[in-house]
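In: return a 3D structure for these sequence lines:
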Amino acid sequence: MPFISRVLINKMRDERAFGIVEALIAMTIMALVLIALLGLLTASVKAVSSSKLSTTATQIANGCLEDIRSKDYDSVGISGRDYGGTIPAQETRVDSGVTYTINYDVVWVDDTVDGTGTADADDGGKDYKQVIVTVNWTSNGAPRTLSVSTYIKSKPKQTDPPTVNFVLGTYGDLDPNKTPPDGTVFGTDDSPYKTWFDNGTIPLEAEATDPNSDLVTMRFLVGLQTPDGGYYNINPTNQYDNLPVCYWNPNTIDSSTSAYLWGEGTHEVTVEIWDAHGNRDAKNIFWTIDRYAPPAPTSLVAQAADNSTINLNWQAVYDGTDKVIHYQIYREGPGLGGNFNLLKDSIFTSTSFSDSGLPDWSTYQYYLVALSPGGRLSSAGNTVTATTMFGITVTVSNNKKTATVQWSSPPVGTNVDRFDVVRNGTVQASLSGSITQYSDSLPSGHGTYQYQVKAYYGGNLVNQSTTVSVTI
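Out: Next up, the predicted model:
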C-alpha cells in the first residue's frame, strides 16, 4: 500500500512538470508571432501613411493642372520657365503637416504630323504648349516625386458678333445711295423705279459695325445669286460705313438658258457680313419682278347651292414662281343688260366665292381675271353658267295623310316640259311643265319625308328645287 502511494505521487509530479514546459514553449512561440505581427503592423501603418501622402500629392498635381487650363493661353508661359508672372516656377503647399514642393515647367511643342515641321511659318514652331507639374515630398524619411502634364492649345477669342442693316429709302425715294424698301415691285410702267429697272441700276446699300473692329467680308444676294460687284473684302481694322454701292441689274441674261437670271416672281434680297472669327449677321427684304401679265384662269366651276346662292371655285394660277392671290370676278345675268360687270368691284384673295342674295330660277354667267402684284390683268378665263334653284314648300293636311307640294314657276324664257316630284328619292309624279302644285298621299304611320322637285326640258334636267323635310 505505501509502495503504491509513492508511485502515484511520483507520477503526479512528473505530469505537473510536463505542463509547465508546454506553457513555456507556447509563450515563447506566441512572443515570436507577436513580434512578427508588430513589425507587419508597423509596415502597414507606414504604407497607409505613404499612400495617403501620395493621394494628396496627386490631388495637388491635378488641381494645379485644372488651374493652368483655366488660364488664358498667352499667360501660360512665354519661353521656358518665363511664366509671364501668372505661373510661378516653384511653390510650396502644406497639408496635414507635410510640405509639398511644386515645380512647373512649360515647353512648346511643334506637332510634326501637321506637315509643317519645325519651320512652321504660321506659329514659329509652337503648335501648342506642354505644362509639366512635378510634386516633391518626403515620406518615411525618403524623397518622393509625382509628375503630371497637360497640353494647352490656343483657342480663338470669343468676340461679339457684327451687325448689318440695309440703308433703306422710302418707296419712290430715288436716292442712289439707298436701297428700295421691302415689298417693292419692279417692272411695271407706272413704277417710280422704272428707269432704274430698265437701266439695271437698282442700288444695294448697307451699313455694318463690329464691336471688335474685325469685319472681313460683306455680300449681297438677290434670289441666292450675287450681283456683279456684290461681294466686298473689308480691311479687318476698319469699320464698314461707305463702301461703293452695288447696283443690281435685274435684266441679266443667264447664258446657260438664255432667259432672265431673275425671272418673274418674288426674290429674297439678303445682305451678309462676317468678321475675322467667322461670326455672321444677315438681313432680308423681298422684291418682286412683274414684267408680264399672269396667265388666264381656266378652271372656274359654278354650281347652285340653293335658291339664292351660286358657289364659284377655281384653281390658283402661277405668275412666274409666285401663286397668284388676286382675282377679279365678272358676272352676267338678269338685270345686267346682257353685259359682264365686275362683281362688287372687288379683288378676291382666295380661290372660292359664294355669290348670294340672288333670286330663284335665275341664270348667271361668270369668268375670272388674274392680277399680278403690279396690277397687270390677265385675259379672261373660261366662262361658266349656273342657275339658282327654285323655291319649294310642303304643307301637310290636318289628318296627316296628304302633303301638298308647291314650287316656283320658271321665269319667262325658261322652257320646262315636265316636273318630277320626288319623295325620299323616289319619283311620285311626273307633271306638265305648266303645273306648280301636287298633292301627295302619304303612307300610313309616322315618319320623315324629303321632298324635291326637278324640272326637265327635252329629257334634260334644267333645274331642281331645294330639299324640304317634313316629319309626321
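
In: what about residue 129, distance to residue 69?
Out: Distance, residue 129 to residue 69, by CB to CB, to the nearest Å: 11 Å. In this view, the C-beta of every residue, glycine as well, is placed from N, C-alpha and C.

In: who has more neighbours, those two?
Out: Between residue 129 and residue 69, counting by other CB atoms under 10 Å, residue 129 is the more crowded of the two (18 against 12).

In: need the pLDDT of the more buried one.
Out: For residue 129, the pLDDT comes out at 79.

In: how about residue 391?
Out: Looking at residue 391, its pLDDT reads 93.

In: same thing with residue 358?
Out: If you check residue 358, the pLDDT there is 95.

In: also residue 28?
Out: Reported pLDDT for residue 28: 81.

In: same deal with residue 396?
Out: For residue 396, the pLDDT comes out at 90.

In: what of residue 104?
Out: 81.

In: what is the host helix or strand of it packed up against?
Out: Per DSSP states H and E: residue 104 is located in strand 98-109. Contact here means 3 or more CB pairs under 8 Å, 6 or more residues apart in numbering; DSSP states H and E; on that basis strand 98-109 packs against helix 2-69, strand 90-95, strand 128-139.

In: where in the stretch 151-300 of the chain is pLDDT low?
Out: 155-158, 235-244 (pLDDT under 70).

In: what about the helices in it?
Out: Ranges of helices in the stretch 151-300 of the chain, per DSSP state H, counting those that start in this stretch, are 194-199.

In: what about the strands in it?
Out: For the stretch 151-300 of the chain, applying DSSP state E, counting those that start in this stretch gives strands covering 163-166, 185-186, 202-204, 206-209, 215-222, 231-233, 246-248, 253-254, 259-260, 265-275, 280-289.

In: for the fifth one, name the packing helices and strands.
Out: Strand 215-222 makes packing contacts with strand 206-209, strand 231-233, strand 246-248, strand 265-275 when contacts are defined by 3+ CB pairs under 8 Å, 6+ apart.

In: buried sites along that strand?
Out: Going by neighbour count (16 or more other CB atoms under 10 Å), the buried part of strand 215-222 is 215-222.

In: return the most buried member of the helices and strands packed on strand 215-222.
Out: Of these, the one with the most neighbours on average (mean count of other CB atoms under 10 Å) is strand 246-248, at a mean of 23.

In: which SSE is residue 438 in?
Out: strand 437-441.

In: residue 424 is nearest to which of the helices and strands packed on strand 215-222?
Out: Minimum separation from residue 424 across those (CB to CB) falls at strand 265-275, 54.2 Å.

In: could you give the separation of that closest one from the chain centroid?
Out: 18 Å (CA atoms, centre = their mean, to the nearest Å).

In: in the sheet, which strands lie alongside that strand, parallel or antiparallel?
Out: If you go by DSSP bridges, strand 265-275 pairs up with strand 215-222 (antiparallel), strand 280-289 (antiparallel).

In: could you tell me which residues touch both of residue 129 and residue 69?
Out: Taking CB atoms under 8 Å, 6 or more residues apart in numbering as the criterion, residue 129 and residue 69 both touch residue 152.

In: coming back round to it: I'd like the strands of the stretch 151-300 of the chain laid out as a markdown table, including distance to residue 320.
Out: Below are the strands of the stretch 151-300 of the chain laid out as a markdown table (distance: least, CB to CB, whole Å):
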| stretch | distance to residue 320 |
| --- | --- |
| strand 163-166 | 24 |
| strand 185-186 | 12 |
| strand 202-204 | 18 |
| strand 206-209 | 27 |
| strand 215-222 | 15 |
| strand 231-233 | 26 |
| strand 246-248 | 17 |
| strand 253-254 | 14 |
| strand 259-260 | 10 |
| strand 265-275 | 4 |
| strand 280-289 | 7 |
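
In: closest to residue 296 out of those?
Out: strand 265-275 (18.0 Å).

In: walk me through the domains of this protein.
Out: Using automatic domain parsing, the domain parsing of the chain gives 48-154, 163-279, 301-387, 392-471.

In: closest to residue 55 out of the strands paired with strand 265-275?
Out: Between the strands paired with strand 265-275, strand 280-289 lies closest to residue 55; by CB to CB that is 49.2 Å.

In: could you list every helix and strand in contact with the helix or strand just after the closest one?
Out: Using DSSP H and E, the helix or strand that directly follows strand 280-289 along the chain is strand 301-304. If contacts are counted by 3+ CB pairs under 8 Å, 6+ apart, strand 301-304 sits against strand 310-313, strand 384-387.

In: closest to residue 430 out of the ones you listed?
Out: Counting by CB to CB, residue 430 lies closest to strand 384-387 out of the helices and strands packed on strand 301-304; the figure is 20.8 Å.

In: same for that closest one, what does it pack against?
Out: Other elements packing on strand 384-387 under the criterion 3+ CB pairs under 8 Å, 6+ apart are strand 301-304, strand 363-371.

In: so what touches it?
Out: Contact with strand 384-387 is made by 300-304, 310, 312, 361-367, 462-463, as judged by CB under 8 Å, 6+ apart.

In: flag the shaky bits of the stretch 351-472 of the chain, pLDDT-wise.
Out: Residue ranges of the stretch 351-472 of the chain with pLDDT under 70: 445.

In: make it 80
Out: Counting by pLDDT under 80, the stretch 351-472 of the chain shows low-confidence ranges at 398, 444-445.

In: quick one, strands of it?
Out: 352-355, 363-371, 384-387, 392-396, 402-407, 418-423, 426-432, 437-441, 448-457, 460-464, 468-471.

In: name the strands paired with the third one and say parallel or antiparallel.
Out: To tie it back to what came earlier, the one meant is strand 384-387. Assessed with DSSP bridges, strand 384-387 is paired to strand 363-371 (antiparallel).
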